[in-house]
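> Just to be clear, the model below is a prediction. Sequence and coordinates:
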Amino acid sequence: MMKTAEQHMLSRRHALAALGGLGLGAAGLSMGGAAHAQSDKVVRFILPISAGSGVDTIVRASSAAVSKALGQTVVIENQPGAGGLVGTSAMIKSPPDGQTLSVVSNNHVIYPAVLKSVPFDPVNDITPIAVIGATPLVLVVNPRLPVKDLKEFIALLKSSPGKYNYASSGNGTILHLAAEIFKDLSRTFSTHIPYRGFGPMMQDIVGGQVDWGVGALPAVAGQVKTGNLRALCVASLARSPAAPDIPTSAEAGLPFYVVEGWFAAVGPKGMSAENVSRIHAAFSTAFATPEVKEAMAKQGNIIKVATPEASKEFFASELKRYARVVKSAGVMPQ
């Protein structure tokens with residue numbers, strides 16, 4: 001079992017305390033051809049995740065405002081694969097001129113703890129621009145499973161160890177780790193089925209090829225609303241205003257199951273201070289707009305954005321923290 005101290009390190013309270021001291025700022029992106037673009041230079045955002053994932057949903061909801069704030073057309077490129085290593089590697093190898101950026105999540109600092117080989121240093125091979133905020137994670141099941149709540153689900157898993165399986169967006173991702181933490185705390189076993197990104201993962205849970213999984217609230221909310229998925233709990237200390245009918249893990253019967261995903265804007269190593277300041281200012285402007293605030297609130301995202309300097313410290317501390325969490329959860333490097 002995970003130690004209580006490690007469980008609490010994943011809590012909203014600790015996540016927001018860390019983010020709260022990071023300062024002000026914001027992030028967002030635009031799909032190409034923004035009406036307010038003023039520069040001929042195109043800013044390329046490489047997202048190391050598939051379309052429809054939590055970060056992708058956040059990015060696209062804030063896209064127009066950031067394009068306007070930057071005064072440039074922004075092109076979004078989804079490059080999923082290897083749990084995010086493919087897209088991040090492509091961004092890191094790009095020129096540090098401020099024209100190629102990315103938005104990454106917890107996955108970025110989890111890699112070294114869960115993978116035997118990582119082709120980059122997640123702290124020293126990037127330029128942190130802004131930790132943007134956090135998003136709730138939700139445990140969902142295929143609605144054909146004969147369970148209506150978390151207690152029944154845990155009882156079902158315990159009644160037939162190894163019969164059921166769960167999907168993740170790839171080995172070593174935060175969604176993989178969040179599911180493993182659930183298994184540890186609930187003392188159940190399910191077979192892990194890794195996918196190449198969130199989209200294929202969620203498609204197979206909806207289709208019934210896989211029994212359950214964990215997803216970001218913005219990415220699963222639509223499927224839950226239509227009844228294609230059943231949400232058993234949000235892995236947070238408090239219910240999300242964006243999905244008030246989904247109980248917290250504690251309310252559902254599994255205290256200390258608290259895991260949330262943060263997201264941050266980064267660039268390749270070696271970006272100039274001028275470019276970092278310029279892009280950070282654009283993020284700040286974009287996320288201060290009423291339309292972006294409303295979009296983030298509807299998705300359930302908690303926006304608490306960091307300065308570049310504090311974001312650098314946050315990445316380093318999260319790298320160490322997840323190494324401890326992964327060891328405690330018993331996830332073996334692959």
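That came through fine.
> For Gly133, give the beta-bridge partners.
Gly133 forms beta bridges with Phe263, Ile303, as assigned by DSSP bridges.
> what about Leu232, which helix or strand?
strand 230-234 (DSSP states H and E).
> for that strand, packing partners?
Packing partners of strand 230-234 (3 or more CB pairs under 8 Å, 6 or more residues apart in numbering; DSSP states H and E): strand 126-141, helix 150-159, helix 217-226, helix 249-252. From N, CA and C alone the C-beta is placed, and that goes for glycine too.
> Can you check which of those gets nearest to Gly54?
helix 217-226 (4.5 Å; CB to CB).
> Who are the packing partners of the closest one?
Counting by 3+ CB pairs under 8 Å, 6+ apart, helix 217-226 packs on helix 54-61, strand 126-141, helix 198-207, strand 230-234, helix 290-299.
> One more pass at 6 Å, please.
Applying 3 or more CB pairs under 6 Å, 6 or more residues apart in numbering; DSSP states H and E, we find helix 217-226 packed against helix 54-61, strand 126-141.
> Distance-wise, check Lys225 relative to Asp245.
Per CB to CB, to the nearest Å, Lys225 is found 10 Å from Asp245.
> Among the two, which residue is more densely surrounded?
Each of Lys225 and Asp245 has its neighbours counted (other CB atoms under 10 Å); Lys225 has more, 12 against 9.
> Contacts only, for the more buried one.
Contact analysis of Lys225 by CB atoms under 6 Å, 6 or more residues apart in numbering lists nothing.
> What pLDDT is listed against it?
Looking at Lys225, its pLDDT stands at 95.
> With the one 5 residues further on instead?
Arg230 is assigned 98 on the pLDDT scale.
> Quick check: beta-bridge partners of it?
Val141.
> That one contacts Val141, doesn't it?
Yes. Counting by CB atoms under 6 Å, Val141 is a contact partner of Arg230 at 5.2 Å.
> by contact count, what packs against the helix of greatest length in the chain?
Longest helix of the chain, by residue count under DSSP state H: helix 308-329. Under the contact definition 3+ CB pairs under 6 Å, 6+ apart, helix 308-329 sits against helix 107-114, strand 126-141, helix 174-186.
> Relative to Phe263, which of the ones you listed is closest?
Nearest to Phe263, of the helices and strands packed on helix 308-329 and by CB to CB, is strand 126-141 at 5.2 Å.
> Kindly provide the whole-number mean pLDDT of the closest one.
On average, strand 126-141 scores 95.
> Show the contacting residues for the residue nearest to Ser240 when sequence neighbours are not counted.
Leaving out its chain neighbours, the residue that sits closest to Ser240 by CB to CB, 6 or more residues apart in numbering is Gly300, at 4.1 Å. Residues in contact with Gly300 (CB under 6 Å, 6+ apart) are Pro136, Leu217, Ser240, Ala242.
> how about those in CSV, adding distance to Asp204 and neighbour count?
Shown next, in CSV, are the contacts of Gly300 (distance: CB to CB, whole Å; neighbours: other CB atoms under 10 Å):
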residue, distance to Asp204, neighbour count
Pro136, 22, 28
Leu217, 20, 26
Ser240, 25, 21
Ala242, 25, 18
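> from the residues you listed, which is closest to Glu318?
Nearest to Glu318 among those, counting by CB to CB, is Pro136 at 17.8 Å.
> My guess is that closest one contacts Arg239. True?
No. Counting by CB under 6 Å, Pro136 does not reach Arg239; the two are 9.1 Å apart.
> Output the helices and strands packed on helix 217-226 in TSV; the columns should cover distance to Ala90.
Shown next, in TSV, are those (distance: least, CB to CB, whole Å):
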stretch	distance to Ala90
helix 54-61	16
strand 126-141	13
